[in-house]
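[1] Provided below for reference: sequence and predicted model.
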Amino acid sequence: MNVSALLEQNYDSHPAFRFDAPAFDVEQSLVADFDNAYKAVCRFGGELNPSARGRLQRQAKAALDEVFRTMAAQCSDEFERIFVSELAAECARLMAEEFAWYIRPPALGRLRLDSDEAIEAAVELSTRRHVLGRLPESIVAELQAIAAADVSKFEAAASAGRLRRSDLSVDRGRTVRRLIAALNRAFASLGMLEAVSAYVGRSTRVVGLSLELSVAQSSWWKNAIEGLPRPPQTLYAHLDESISFPKAIVYLTDVTDSHGPTGCYPQVYEHLGCGPLQEIVGRVVGNAGNDPRSPLHAYYAKAYHQSMASEPFRRHFMRLPRPLRFNSHFGWDVMPGGELEGEVASQERRMIGPAGTFIVFDGARLLHRGGLISEGRRVALQVVFSDITLSRRVWGRLKRTVGWA
Ligand SMILES: [Fe+2]
């Protein structure tokens with residue numbers, strides 16, 4: 001599987017990504033300076049002494065600043081300059097968050113893997129970035145009963161044609177707190193909390209979730225880039241922004257191929273082989289111009305919050321030097337009928353099964369997508385694990401990064 005070369009080739013040959021302006025020129029050694037410091041922090045973070053940490057952090061930040069200064073000097077207009085400066089700020093923010101995550105001391109001796117199930121799930125998570133399972137029927141019935149009143153409300157909204165996410169989902173309040181408590185009990189009894197904790201390296205549990213109704217909609221294809229004969233089969237495939245929050249999807253209704261099963265693409269992330277700075281760029285590049293106060297907001301005029309649907313955004317994206325060019329939501333960018341589409345689509349594993357079927361996964365390192373529902377209805381929980389109690393502010397931002405808001 002040569003996804004990395006196919007992805008480059010995809011951008012080179014995709015008509016929607018063809019622009020005259022050359023890519024910015026950035027010295028390879030600067031990128032290497034960043035990448036080496038990052039890798040050291042990522043690999044040895046918790047064990048580094050404070051002076052080593054500080055030095056590596058300064059080396060990475062200095063390289064990052066220089067990379068973006070070099071690009072800014074090559075901009076041909078004000079919009080490009082703003083793009084580069086917004087991207088620089090976003091990369092610096094994510095770098096600081098990831099460094100803070102890696103330098104937290106590991107929870108030595110506090111993790112347990114008491115059952116065979118927990119051991120198996122932990123190994124599966126660390127080798128394949130996901131683990132599939134099924135909740136016991138009694139738990140499924142309990143979750144369905146807790147959710148019933150809200151689901152009825154969503155169904156009434158859908159019947160009345162109100163299809164916004166806020167009409168069809170809930171992510172706070174009493175129902176959600178009760179669902180979280182029931183899920184934590186269920187995942188604990190299956191050894192899943194132990195497995196996730198072992199994977200993360202810290203004691204972890206369910207801290208948030210969104211209860212969602214999905215119904216068949218005829219407009220999902222509008223999210224594709226205009227002018228193509230059909231959307232790519234990889235539409236919606238993406239990696240999440242945050243590296244520190246494992247996720248789960250739990251079905252509360254039976255899901256077949258036409259009910260929008262969750263799909264994942266094992267090993268595609270590994271085969272992309274992105275460098276650290278390239279990966280950071282990829283996770284945040286789609287945020288450029290999202291702030292309504294940004295001059296890029298009106299300039300891009302992104303439809304459906306989808307960056308690549310905007311031609312000016314695509315032009316800016318293609319100015320990025322190859323070693324840094326990456327979009328973690330690249331499922332939208334795939335040319336229908338091209339080699340990349342065939343290769344990635346053939347890797348997809350769809351989660352089909354009765355109510356109670358679940359997947360626990362590392363959304364930052366497992367390419368995945370929500371299903372495109374073509375008939376009927378689907379009720380599911382989007383679940384977030386963490387080792388911290390989320391403040392309102394973190395929860396708000398997290399919802400944006402997981403795409404709930
Ligand atoms: Fe996601």
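    Looks like it arrived, so ask away.

[2] Surely residue 8 is in contact with residue 322?
    Yes - counting by CB atoms under 8 Å, residue 8 does reach residue 322; the two are 6.9 Å apart. In short, each C-beta sits where N, CA and C put it, glycine included.

[3] Name the SS class of residue 60, please.
    Three-state call for residue 60 (DSSP: H, G, I helix; E, B strand; the rest coil): helix.

[4] That one: neighbour count?
    26 (other CB atoms under 10 Å).

[5] who's in contact with the nearest residue to it once chain neighbours are set aside?
    Spatial nearest neighbour of residue 60, excluding adjacent residues (CB to CB, 6 or more residues apart in numbering): residue 37 at 4.0 Å. Contacts for residue 37 (CB atoms under 8 Å, 6 or more residues apart in numbering) come out as 56, 57, 59, 60, 63.

[6] Centre of the chain to the strand or helix carrying residue 37, how far?
    Per DSSP states H and E: residue 37 is located in helix 28-44. Distance, stretch centre to chain centre, for helix 28-44: 23 Å (CA atoms, centre = their mean, to the nearest Å).

[7] what's the distance between the most centrally placed residue in the chain and the ion?
    Residue closest to the average C-alpha location in the chain (CA atoms, centre = their mean): residue 240, at 1.2 Å. Distance, residue 240 to the ion, by CB to the ion, to the nearest Å: 4 Å.

[8] tell me the secondary structure for that residue?
    Here residue 240 is coil, with the state taken from three-state DSSP.

[9] With residue 381 as the reference, measure out to it.
    16 Å (CB to CB, to the nearest Å).

[10] Identify the residue spatially nearest to residue 111, adjacent ones excluded.
    Nearest residue to residue 111, sequence neighbours excluded (CB to CB, 6+ apart): residue 198, at 5.2 Å.

[11] One more: residue 237?
    residue 331 (2.9 Å).

[12] Give me the phi and psi for that neighbour.
    Backbone torsions for residue 331, taken as degrees, to the nearest 10, come to phi -60, psi -30.

[13] what residues are up against it?
    Applying CB under 8 Å, 6+ apart, the residues near residue 331 are 232, 234, 235, 236, 237, 238, 344, 367, 369.

[14] A helix includes the third one, no?
    Put plainly, it is residue 235. No - looking at residue 235 with three-state DSSP, it is coil, so not inside a helix.

[15] separation between it and residue 335?
    Per CB to CB, residue 235 is found 12 Å from residue 335.

[16] farthest residue from the center of the protein?
    Most distant from the centre of the chain: residue 51, at 32.5 Å, with distances by CA atoms, centre = their mean.

[17] okay, that one: pLDDT?
    pLDDT, the model's per-residue confidence, is 95 for residue 51.

[18] At which residues are the helices of the stretch 251-400 of the chain located?
    Under the criterion DSSP state H, counting those that start in this stretch, helices of the stretch 251-400 of the chain are mapped to 268-272, 276-284, 295-300, 311-319, 339-345, 392-402.
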